[in-house]
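**Student:** Build the 3D model from these lines:
(one chain, ligands or ions: 1)
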Amino acid sequence: MKYETMLNRFLNYVKFETRSDAKNFTIPSTPQQKDFLKMLQKELEELGLADIYLNDENCFLTATLPANTDKPYDKIGFIAHVDTADFNSVGIKPNVIENYDGKDIILNKEENIIMSVKDFPNLLNYAGQTLITTDGTTLLGADDKAGLVEIVEAIKYLLEHPEIEHGDIRIAFGPDEEIGRGADNFDAKHFATDYAYTMDGSVLGELQFESFNAAQITYKIKGVSVHPGTAKDKMKNANTIAVELAAMFPEKEVPEHTSGYEGFYLLHNMEARIEEASLTYIIRDFNKENFNKRKEFCKEVAKKINEKYDDVVEYDLFDQYYNMGDIIKSDKRSVNKAELAMRNLDITPIIIPIRGGTDGSKISYMGIPTPNIFVGGENFHGQYEFSCLEHMKKASDVIVEIAKLAKK
Ligand SMILES: [Zn+2]
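**Tutor:** Coordinates of the predicted model:
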């Protein structure tokens, strides 16, 4: 059977608790990620890969499956992340459902947690397949342990099938993707591929090469608190100034009213008292020009408040990542080969922009065009997350097929 170790490998990986922590500024943000990386390192050693290196500084584990031919191939890479999203991940008990009947899934009988077809109509697409779900109390961690497994299994397959010719294939497993930090320290020079892929998408066929441009702004409003009885002409109420500031943002340009290529502002966090308030917005847009306009708008908002209330607002505005499409469009080999690989395997490519970012959004700007490929799971970052074994196998097939197509 093809990829016969895939299921057990996946069940093993998801049991490692590797939730990242945005509040912790070490690398990795949680020590368990490093423990898991060391386990992966051992697995890669057992497979017999070359150049295995766990970099203590950036916590990326890299390795090479060396070329088995002298023929010229593009040097390609596959990347996945070891951390899981900010959701309970202690005591993950995956549940395997073979030959899924297309009906509601009881995740947890005792706590009456049900994944219903009414709430998740996509379940109908999986009738007859093997699903892996949670017990309703944790996430599953298929994001991105499915990606890790698919890369390892594809590499193992290539090792077991030396008749399939390929060039050098690099792999990288890194930390802290979910908190948007891991790839900041990715060593693109050391990885040194012509292009690469993150295995970090969702449903079968997803192929993503456009992501948001992303920035974040935090406003700090300094109020003046005075006893309300004697506050006339003295009090500056940071609460109400915060409300006024928030009301200046366009009502419809928010995540809940936008889709496709539309950008938005999201009031992500807000704390307010009379003396001081802080508001954090994230700014997202696919188009660089609009992205810059949005940032200007955010500055303008502060300026207006400051004119009215005499310098009460300070802000901190910084860029987070950029649309990798702007890079990938100038060298489309990665996307073209992935698309062809899927078509060769009778998978219909779903080429849609990611309303978010991936590690590839940063790595592309380091000189390695890095689109994103499906891993065969859905409902990431919560207790309704599930994976489809057959689609995970197809993701490994895509990796193997790209390896073949990388021939110059
Ligand atoms: Zn992910």
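**Student:** what helix or strand does Lys220 sit in?
**Tutor:** Lys220 belongs to strand 213-222 when assigned by DSSP states H and E.
**Student:** buried stuff in that strand?
**Tutor:** In terms of neighbour count (16 or more other Cβ atoms under 10 Å), strand 213-222 has its buried residues at 213-217, 219-221. Yep, even glycine has a C-beta here, placed from its N, CA and C like the rest.
**Student:** Any chance of CSV for these, columns distance to the ion and pLDDT?
**Tutor:** Converted to CSV, the buried residues of strand 213-222 look like this (distance: Cβ to the ion, whole Å; pLDDT from 0 to 100):
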residue, distance to the ion, pLDDT
Asn213, 19, 97
Ala214, 15, 96
Ala215, 21, 97
Gln216, 19, 97
Ile217, 25, 98
Tyr219, 30, 98
Lys220, 32, 98
Ile221, 35, 98
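**Student:** Need the max-distance pair from these.
**Tutor:** The distance between the two most remote of those (Cβ to Cβ) is 26.5 Å, for Asn213 and Ile221.
**Student:** what does stretch 226-235 contact?
**Tutor:** Defining contact as Cβ atoms under 8 Å, 6 or more residues apart in numbering, one finds that stretch 226-235 is touched by 223-225, 274.
**Student:** try 7 Å this time
**Tutor:** Residues outside stretch 226-235 that contact it (Cβ atoms under 7 Å, 6 or more residues apart in numbering) are 224-225.
**Student:** what's the first-to-last distance across that stretch?
**Tutor:** 6 Å (Cα to Cα, to the nearest Å).
**Student:** now that stretch, how far from the chain's geometric center?
**Tutor:** On the basis of Cα atoms, centre = their mean, to the nearest Å, the separation between the geometric centre of stretch 226-235 and that of its chain is 49 Å.
**Student:** residues contacting Gly376?
**Tutor:** Here Gly376 is in contact with 146, 204, 387-388, 391-392, 394-395 (Cβ under 7 Å, 6+ apart).
**Student:** Quick check: strands, which of those are part of them?
**Tutor:** Among the contacts of Gly376, the subset assigned to strands under DSSP state E consists of 387-388.
**Student:** Of the contacts of Gly376, which is the most crowded?
**Tutor:** Counting neighbours by other Cβ atoms under 10 Å, the top entry in these is Ala146, with 32 neighbours.
**Student:** What sits closest to that one if chain neighbours are left out?
**Tutor:** Take Ala146 and drop its neighbours on the chain: the residue closest to it by Cβ to Cβ, 6 or more residues apart in numbering is Val375, 3.9 Å away.
**Student:** surely Val398 meets Met342?
**Tutor:** Yes: with contact defined as Cβ atoms under 7 Å, Val398 reaches Met342; the gap is 6.1 Å.
**Student:** Kindly check the end-to-end length of stretch 162-177 for me.
**Tutor:** With Cα to Cα as the measure, the ends of stretch 162-177 fall 33 Å from one another.
**Student:** Ignore what I typed, I meant stretch 136-144.
**Tutor:** Criterion Cα to Cα; first-to-last residue distance in stretch 136-144 is 18 Å.
**Student:** and that stretch, how far from the chain's centre?
**Tutor:** Here stretch 136-144 shows a centroid-to-chain-centroid distance of 14 Å under the convention Cα atoms, centre = their mean.
**Student:** what about Lys293, helix or strand, and which?
**Tutor:** Using DSSP H and E, Lys293 sits in helix 288-309.
**Student:** Over to Glu177. Which of the three states is it?
**Tutor:** Reducing the assignment at Glu177 to three states with DSSP: H, G, I helix; E, B strand; the rest coil gives coil.
**Student:** Next up, the contacts around the residue nearest to Ala146.
**Tutor:** Val375 neighbours (Cβ under 7 Å, 6+ apart): 142, 144, 146-147, 150, 199-201, 392, 395.
**Student:** returning to that earlier point: which one among the contacts of Gly376 gets closest to the ion?
**Tutor:** Nearest to the ion, judged by Cβ to the ion, of the contacts of Gly376 is Ala146 at 9.3 Å.
**Student:** what sits against the closest one?
**Tutor:** By Cβ under 7 Å, 6+ apart, the contact set of Ala146 is 10, 375-377, 387, 392.
**Student:** With distance to Cys59 as extra columns, can I get those residues in CSV?
**Tutor:** Compiled in CSV, these are given as follows (distance: Cβ to Cβ, whole Å):
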residue, distance to Cys59
Phe10, 22
Val375, 21
Gly376, 26
Gly377, 24
Ser387, 25
Met392, 25
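**Student:** quick one: which of the residues you listed is nearest Lys34?
**Tutor:** Sorting these by how near they are to Lys34, with Cβ to Cβ, puts Phe10 at the top with 20.7 Å.
**Student:** Over in the stretch 201-350 of the chain, which residue gets nearest the ion? Let me know.
**Tutor:** Going by Cβ to the ion, the ion is nearest to Gly201 of the stretch 201-350 of the chain, at 8.5 Å.
**Student:** To what extent is the closest residue to that residue other than its chain neighbours buried, counted in neighbours?
**Tutor:** In space, and not counting its chain neighbours, Gly201 is closest to Phe374: 4.1 Å by Cβ to Cβ, 6+ apart. Number of residues near Phe374 (other Cβ under 10 Å) recorded here: 27.
**Student:** Identify the residues contacting Phe374.
**Tutor:** Phe374 makes contact with 201-206, 395 under the criterion Cβ under 7 Å, 6+ apart.
**Student:** Quick check: end-to-end length of stretch 342-349?
**Tutor:** This stretch, stretch 342-349, spans 6 Å end to end (Cα to Cα).
**Student:** Okay, buried residues for it please.
**Tutor:** Residues of stretch 342-349 classed as buried by neighbour count (16+ other Cβ under 10 Å): 342, 347, 349.
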